[in-house]
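Visitor: Below: sequence and its predicted model.
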Amino acid sequence: MVSRILKHFFDHPWRLRSAFPRATLGVIEAAIKASETRHRGELRFAIESALPVHLVMRGHTSRQRALDIFSQLKVWDTDENSGVLIYVLLAEHKLEIVADRGITHRVEQKEWNAIAHTMESAYRNGDFLNGSLAGIDAITRLLDQHFPPGHRNPNELPDRPVIIKR
């Protein structure tokens, strides 16, 4: 528990800027925008360098935080309940994918876990851009299969990745 607290307490914002520089965020945004033309789902991408220490002290997990962020960013607020959040927690090298209830009835958790694992593998090798793009592509293929585009396909959520600040 102490080492986990220290990881979050002593984390530096430069790590986030190094892993996800402005250019990388722009490429991720473009990939999300392109993805959403192929299906009726909505993707959000959120990155957090470290959790607030009070959450770590309470034992908050990356999954719990992803669910909090899912709610804060209103990823659930789409017409077809077809929002998907990709949440990255750099301090713990964790990645969580949270899908709204309209999608969870059609896509099993093991499929999200496989995508997260692929992304985490690339991240461990320092390849944040290609890991992110591979994850977005895999999610796009799932959503294309289960939520193909219709005649009406509004962009309901922002495409720009979100940096969660402490």
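Guide: Yes, it's here.
Visitor: So which residues make contact with the longest helix anywhere in the chain?
Guide: Longest helix in the chain by number of residues (criterion: DSSP state H): helix 128-146. By C-beta atoms under 8 Å, 6 or more residues apart in numbering, the surrounding residues in contact with helix 128-146 are 19-20, 24, 27-28, 31-32, 35, 38-41, 43, 45, 82, 84, 86, 95, 97, 103, 106-107, 111, 114-116, 118-123. In short, each C-beta sits where N, CA and C put it, glycine included.
Visitor: Look up how far Val107 lies from the residue nearest the centre of the chain.
Guide: With distances taken as C-alpha atoms, centre = their mean, Ile86 lies nearest the centre of the chain, 1.2 Å away. Between Ile86 and Val107 the distance is 14 Å, computed by C-beta to C-beta, to the nearest Å.
Visitor: Also Ile163?
Guide: Noted for Ile163: a distance of 27 Å to Val107, by C-beta to C-beta.
Visitor: got it, and Arg40?
Guide: 14 Å.
Visitor: try His93
Guide: Distance of His93 to Val107, given as C-beta to C-beta: 24 Å.
Visitor: neighbour count winner among the two?
Guide: Shown here are His93 and Val107; by other C-beta atoms under 10 Å, Val107 has more neighbours (19 against 12).
Visitor: Nearest residue to that one in space, please, no chain neighbours.
Guide: Spatial nearest neighbour of Val107, chain neighbours left out: Leu142 (5.6 Å); criterion: C-beta to C-beta, 6 or more residues apart in numbering.
Visitor: Quick check, pLDDT for Arg4.
Guide: Arg4 is assigned a predicted lDDT (pLDDT) of 69.
Visitor: ugh, typo on my part, it should be Arg106
Guide: Note for Arg106: predicted pLDDT of 91.
Visitor: And the helices in the protein?
Guide: Here the chain has its helices, by DSSP H, at 2-9, 13-19, 22-35, 53-57, 62-72, 101-104, 109-124, 128-146.
Visitor: among these, which is the most enclosed?
Guide: Comparing the helices of the chain by mean neighbour count (mean count of other C-beta atoms under 10 Å), helix 128-146 ranks first with a mean of 19.
Visitor: and the angle for it with helix 22-35?
Guide: Interaxial angle, helix 128-146 versus helix 22-35 (axes from the mean of the first three to the mean of the last three C-alpha atoms, to 10 degrees): 10 degrees.
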